[in-house]
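S.K.: The following comprises the amino acid sequence and a computationally predicted model.
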Amino acid sequence: MHLKIITALTLLLICLSPLAGQGAVTYTKDISPIIYNNCTVCHRDGEIGPFPLTNFEEVRDEAYTIRSVTRKGTMPPWMPDREFSNFKFLGERGLTDQEIETIAQWVEAGMPEGDPAFEAPMPKFAEGSALGNPDLTLRVAEPYTIKGSNEDEYRVFVLPTGLTEDRDLVSIEFRPGNRAILHHGLLAFDATGQAREKDVSDPLSGYEVFGGFGVPIRPNATLPGYTPGAVPLRLPKGVGIKLPAGADILMQTHYAPWPVRDSDQSSVNLFFADEPVERYLKTRMMMPFDLVEEDTMQPPDLSLSERFEVALELIDEFGQGQSGDGAIGGDIADRLGEGFGGRLEGWSLFKIPPDKVSRFHGIWNVEDDISLISIYPHAHLLCKSWEIYAIDPEGNRENLLKIDSWDFNWQGDYPLPKYVKIDKGSVIHAIATYDNTVDNYLNPNMPPEASGWGSKTTDEMYLLGFNYVDYREGDENTFFALSDPQPSEPVILRPPASIRVPTGGRTQLFFEPEGVVDSIQWLKDGAEIPGATAATLVLQDVSAADEGAYSVRITNVSGSAVSATGNLTIDDEAAAELVNLATRGFVGTGADIMIGGFTVLGGSTKTVLVRGLGPQLTADGVPGALEDPELRVFKTLYDESPIRSQLLMTNDNWEEGPNAAELAEALTEQNKPLVAGSKDAALLLTLDQGVYTFQLSGVAETEGVGLIELFVIAETGP
């Protein structure tokens, strides 16, 4: 076969038939997208997962474990019952029944790898803030070193804000310093200085505590925290949290059992409102005060001495003067302030005897129309379940949250997908069960002992937070997002190519975008082509009327971009034969790497040989050549939203590729051999219809002169 080389950045390959063999379940085609999009966020280097799941070998080695935990539903971790409520929480994790079955089929089939060309791309995990540039970043003053004794550790760090005036928060983002050991984190603010005093009394950074912050925290002082894989929530437009001047941010961290000493220095990002806040976030904290006897749905009747005993019990938790002023009993909201409710008598019900499964029923009588934003249940190791629902004045039931298998290690805040209106006069019910028997393998006391409210491991809590705002007409139709910074304006990396087509021929025009694309519009000679809004412009039975300059306009909420034009010319002598690519130039870093693109259009599949040269150029006498080039091949996926590029294959040493023997043979057959031991890159791969991009860069961001060459060496089909 004679090879013809021309300098070009776009070439047309005639190819429609897809690659064969896509029926069997394989890792690259079927398993990689499930794992990468659901598991790898935690299972990669530096994260909390106990082993990485970033490639075929890693997933294959843990395949039986993956099949087991996905069948049981323990991974990906998600406690709420998905069938209980008529909405889906933001950030909900989990696999579909079909995905779970696909994993099982793959394991039972012997875990075949499949064609590397079909492997899913690795998601771009957030580095730095997932919400944009913060207004204030607070970091723990010095690294905290865990004991490394294979035991859980809980610690609160106090971060002074230094604010000289009140500010309105619209989001707060917990940034783990060491994701490998940090299991989860809780946040709150303290404007009393009590936490700061507690910090000073501990010789180490922060102070030790379990399950809380070690000081009384008002409901409206709680803030969204962190769990692995969760995305921070930005409050709905017009909603904010009042952060007082001089307040301290409290960071409660849970460090997972770890066999060696290691350190963590986490931080938080604060985002302040840049527009006036119309409604402040409110929090209603359901506690044992809200408990009732289920037969009467009322708190118990207590004698004066019994009420006095409860009041004494509460002094340590809420301070002298909070629980004991005036008559002993009555509405807690009158005593503790906004965000609390129920009656002192209800607290007496929260007793968990040994060798028994106990059930507690709390109620919140909603006195105004409200719009719920999120729900946060909290308990310790004896808790087994939660069931939370609302009954409106007409008796209609709205299911909110149900957890059948409570897991202290995976608790979190559950943001709703939109405002959920709760009518005035409704009653919110919250039922929790606690297993204080030997059957509960997490029971901190063996044999079981009586338990009740407290912050120690051996204590328990009945704590349920509701974040909400006062209802405003239209809230029911307001949907939320995990983060809502507007995307950048879209960019067109490669415009449609100029092409010569014979009369009556068929052609397709492609482009390569970057960023979020909401709409596409093709243009001819600057005018919109009616109905041409797909990622590919297909022209059938081409005639002289189709000649002209073609471009494309892409748009998102931040703006639009119009490509340069590609000219379509009628040429009855034009042949749909393959041409080859060769381009040489300086290879920089970042946006200055070398990029060559080409398009495959109809007729057959093509096997291509690609060389990325550097050391070979040096041997040929080219000065300043790239010392260690790396080739990467991408395919643009136009049928996905947003449009993205899929990495197909990489190589930075031609002798170490996945098909090195076949590659060496092809290089020799085409009279394009490379020197043994050189660091030149090369690839041999088969391509079907689509738009492809070859990138040449230097390993470790080195720079120099490089050369990309592409040859078609075989084709199949008509």
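M.R.: Looks like it arrived, so ask away.
S.K.: Would you mind confirming that Ser645 is in contact with Gly597?
M.R.: No: assessed by C-beta atoms under 8 Å, Ser645 is found out of contact with Gly597, at 10.7 Å. For the C-beta atoms, the positions are set from N, CA and C on the backbone; glycine is no exception.
S.K.: Name all residues that sit in contact with the two at the same time.
M.R.: Overlap of the contact sets of Ser645 and Gly597 (by C-beta atoms under 8 Å, 6 or more residues apart in numbering) consists of 512, 693.
S.K.: Pull the residues that contact the strand or helix carrying His183.
M.R.: Using DSSP states H and E, His183 maps to strand 182-190. Applying C-beta under 8 Å, 6+ apart, the contact partners of strand 182-190 are 48, 152, 158, 161, 172, 174, 176, 196, 213, 215, 217, 221-228, 243-244, 247-256, 264, 266, 268, 409-412.
S.K.: Kindly provide the whole-number mean pLDDT of that strand.
M.R.: Mean pLDDT, computed over strand 182-190, is 86.
S.K.: The very next helix or strand once past it: which residues count as buried?
M.R.: Sequence order places helix 194-200 as the next helix or strand after strand 182-190, per DSSP H and E. Using 16 or more other C-beta atoms under 10 Å as the test for burial, helix 194-200 gives 194-195, 198-199.
S.K.: Show the secondary-structure elements that helix 194-200 is packed against.
M.R.: strand 153-160, strand 248-255 (3 or more C-beta pairs under 8 Å, 6 or more residues apart in numbering; DSSP states H and E).
S.K.: make it 10 Å
M.R.: If you count contacts as 3 or more C-beta pairs under 10 Å, 6 or more residues apart in numbering; DSSP states H and E, helix 194-200 packs onto strand 153-160, strand 182-190, strand 207-208, strand 248-255.
S.K.: where do the strands sit along the stretch 451-600 of the chain?
M.R.: Using DSSP state E, counting those that start in this stretch, the strands found in the stretch 451-600 of the chain span residues 451-452, 463-470, 491-494, 499-501, 507-509, 512-514, 519-524, 527-528, 537-539, 548-556, 559-562, 566-570, 580-587, 594-601.
S.K.: Could you find the closest non-adjacent residue to Gly225?
M.R.: Nearest non-adjacent residue to Gly225, counting by C-beta to C-beta, 6 or more residues apart in numbering: Leu186, 4.3 Å away.
S.K.: just to revisit the earlier point, mean neighbour count for the helices and strands packed on helix 194-200 - can I get that in a markdown table?
M.R.: Formatted as a markdown table, the helices and strands packed on helix 194-200 follow (neighbours: other C-beta atoms under 10 Å):
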| stretch | mean neighbour count |
| --- | --- |
| strand 153-160 | 22 |
| strand 182-190 | 22 |
| strand 207-208 | 16 |
| strand 248-255 | 24 |
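S.K.: Excluding chain neighbours, give the residue nearest to Leu281 in space.
M.R.: Of all residues not flanking Leu281 in the chain, Ile241 sits nearest, at 5.0 Å (C-beta to C-beta, 6+ apart).
S.K.: Return the residues in contact with that neighbour.
M.R.: Ile241 sits next to 167-172, 189, 220-224, 235, 273, 277, 280-283, 467 when contact means C-beta atoms under 10 Å, 6 or more residues apart in numbering.
S.K.: pull the CA atoms of the longest helix belonging to the chain into PDB?
M.R.: Ordering each helix of the chain by length in residues (DSSP state H) puts helix 304-318 first. In PDB, the C-alpha atoms belonging to helix 304-318 read as follows (Å, rounded to 0.1, in the frame of the first residue of the first chain):
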ATOM      1  CA  LEU A 304     -43.900  18.200  90.500                       C
ATOM      2  CA  SER A 305     -40.900  16.100  91.700                       C
ATOM      3  CA  GLU A 306     -40.700  14.300  88.400                       C
ATOM      4  CA  ARG A 307     -40.600  17.600  86.500                       C
ATOM      5  CA  PHE A 308     -38.000  18.900  88.900                       C
ATOM      6  CA  GLU A 309     -35.800  15.800  88.100                       C
ATOM      7  CA  VAL A 310     -36.100  16.500  84.400                       C
ATOM      8  CA  ALA A 311     -35.200  20.100  84.900                       C
ATOM      9  CA  LEU A 312     -32.000  19.200  86.800                       C
ATOM     10  CA  GLU A 313     -31.100  16.800  84.100                       C
ATOM     11  CA  LEU A 314     -31.300  19.500  81.500                       C
ATOM     12  CA  ILE A 315     -29.200  22.100  83.300                       C
ATOM     13  CA  ASP A 316     -25.900  20.500  82.100                       C
ATOM     14  CA  GLU A 317     -27.200  20.400  78.500                       C
ATOM     15  CA  PHE A 318     -28.700  23.900  78.200                       C
END
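S.K.: returning to what we had before: counting neighbours, which of the contacts of strand 182-190 end up buried?
M.R.: 48, 152, 158, 161, 172, 174, 176, 213, 215, 217, 221-228, 243, 247-256, 264, 266, 268, 410-412.
S.K.: so Val587 touches Ser697, yeah?
M.R.: Yes: contact criterion C-beta atoms under 10 Å: Val587 and Ser697 qualify, at 6.2 Å.
S.K.: which residues do the two both contact?
M.R.: Taking C-beta under 10 Å, 6+ apart as the criterion, Val587 and Ser697 both touch 593-594, 612, 626, 629-630, 703, 706.
S.K.: Next, Glu108: phi, psi?
M.R.: phi -70, psi -20 (degrees, to the nearest 10).
S.K.: Model confidence score at it, please.
M.R.: 93.
S.K.: May I have the residues that are in contact with it?
M.R.: Taking C-beta under 10 Å, 6+ apart, we find Glu108 in contact with 25, 67.
S.K.: how close does it get to Asn38?
M.R.: Using C-beta to C-beta, to the nearest Å, we find Glu108 at a distance of 20 Å from Asn38.
S.K.: Ala549 too?
M.R.: Counting by C-beta to C-beta - Ala549 and Asn38 are separated by 45 Å.
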